[in-house]
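> attaching a predicted model along with its sequence, questions to come.
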Amino acid sequence: KAGVTQTPRYLIKTRGQQVTLSCSPISGHRSVSWYQQTPGQGLQFLFEYFSETQRNKGNFPGRFSGRQFSNSRSEMNVSTLELGDSALYLCASSLAQQGGMNTEAFFGQGTRLTVV
Amino acid sequence: AQKVTQAQTEISVVEKEDVTLDCVYETRDTTYYLFWYKQPPSGELVFLIRRNSFDEQNEISGRYSWNFQKSTSSFNFTITASQVVDSAVYFCALSGKRGSQGNLIFGKGTKLSVKP
């Protein structure tokens, strides 16, 4: 069974540009969450999608957005990149059903974004 | 507010020693879930265990064991007879929203180094 796949693995962008990261969840998983990991702030929740709808959102500015497609694949977009956006962006998928019990999240290897 | 505290930033042990990683959480939810994840140098978070707030039984899985105590809001993780392969960053996480895998609140992590 294939795991969570994130592309690309590494990315270097210039300040002011925008970037799109992709996440393919485990087959059958309908929930996809995104996290930002930095040395200073640690792991922080960005947002969660379930069945193409954003179900939860963390405390990030509107420059951070995402979407989920009908096949559960998800993309995350960051516009007007800032130096502080340099981080490891992790995607997690889970079986979590609407109103059901929390199940474990399976994480991808992440996309390391460097903003210069 | 929900919060997870891992007071130990780094721990270094010699192979075969036992080591306990501490986790203290704060939540006002009556139903919540606690998790431990391992992050090896490759970057992806590896799920280790999930525990719901109604199940205070300790759990043992091979060399790993977990001690959940609601009275002290702690969910500690012990590795018995540590091995070099256990070297990684370990994260404790809290999820308060039933059915939603998002909103995982992570601690800052404990970096475990096991020396041969």
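Yep, it's here. All values reported here derive from a predicted model rather than from experimental measurement. Residues are numbered from 1 along each chain as shown, chains lettered A, B, ... in the order given.

> stretch A:62-70 and chain B in contact?
No - Stretch A:62-70 stays clear of chain B (C-beta under 8 Å from any C-beta of the partner chain), getting no nearer than 11.2 Å. No exception for glycine: its C-beta is placed from N, CA and C like everyone else's.

> ok, the closest residue to chain B within chain A - how many residues close by?
Nearest residue of chain A to chain B, counting by C-beta to the nearest C-beta: A:Glu48, 2.7 Å away. By other C-beta atoms under 10 Å in any protein chain shown, the residues close to A:Glu48 number 29.

> mean confidence for whatever helix or strand it lives in?
Using DSSP states H and E, the element containing A:Glu48 is strand A:42-50. Average pLDDT, strand A:42-50: 92.

> remind me what that strand packs against, helices and strands.
If contacts are counted by 3 or more C-beta pairs under 8 Å, 6 or more residues apart in numbering or on different chains; DSSP states H and E, strand A:42-50 sits against strand A:31-38, strand A:53-57, strand A:64-68, strand B:105-106.

> what is the neighbour count of A:Ala2?
8.

> so it touches A:Ile26, yeah?
Yes - applying C-beta atoms under 8 Å, one finds A:Ala2 in contact with A:Ile26, separated by 6.9 Å.

> show me what counts as buried in the helix or strand bottoming out on mean pLDDT in chain A.
Lowest by mean pLDDT, DSSP states H and E among the helices and strands of chain A is strand A:53-57, with a mean of 88. For strand A:53-57, a neighbour-count test (16 or more other C-beta atoms under 10 Å in any protein chain shown) marks A:55-56 as buried.

> parallel or antiparallel, list what pairs with that strand.
Pairing partners of strand A:53-57, with direction, according to DSSP bridges: strand A:42-50 (antiparallel).

> just the CA trace of the partner strand, in CSV.
Extracted in CSV, the C-alpha atoms of strand A:42-50 (Å, rounded to 0.1, in the frame of the first residue of the first chain):
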residue,chain,number,x,y,z
GLY,A,42,7.9,23.6,15.7
LEU,A,43,5.0,21.8,14.0
GLN,A,44,2.0,24.0,13.4
PHE,A,45,-1.3,23.0,11.8
LEU,A,46,-2.2,24.9,8.6
PHE,A,47,-5.5,23.4,7.5
GLU,A,48,-7.5,20.2,7.0
TYR,A,49,-9.6,19.1,4.1
PHE,A,50,-12.2,16.4,4.0
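
> I figured A:Gln18 hits A:Val78, correct?
Yes - here A:Gln18 reaches A:Val78: they are 6.5 Å apart, a contact under C-beta under 8 Å.

> who's more crowded, the two?
A:Val78 (25 against 11).

> residues touching that one, list them.
Neighbour list for A:Val78: A:18-19, A:21, A:63-65, A:85, A:113 [criterion: C-beta atoms under 8 Å, 6 or more residues apart in numbering or on different chains].

> can you do 10 Å?
Shown in contact with A:Val78 (C-beta atoms under 10 Å, 6 or more residues apart in numbering or on different chains): A:13, A:17-21, A:36, A:46, A:60-61, A:63-66, A:85, A:87, A:89, A:113, A:115.

> what angle do the least confident helix or strand of chain A and strand A:64-68 make?
Between strand A:53-57 and strand A:64-68, the angle comes out at 140 degrees (axes from the mean of the first three to the mean of the last three C-alpha atoms, to 10 degrees).
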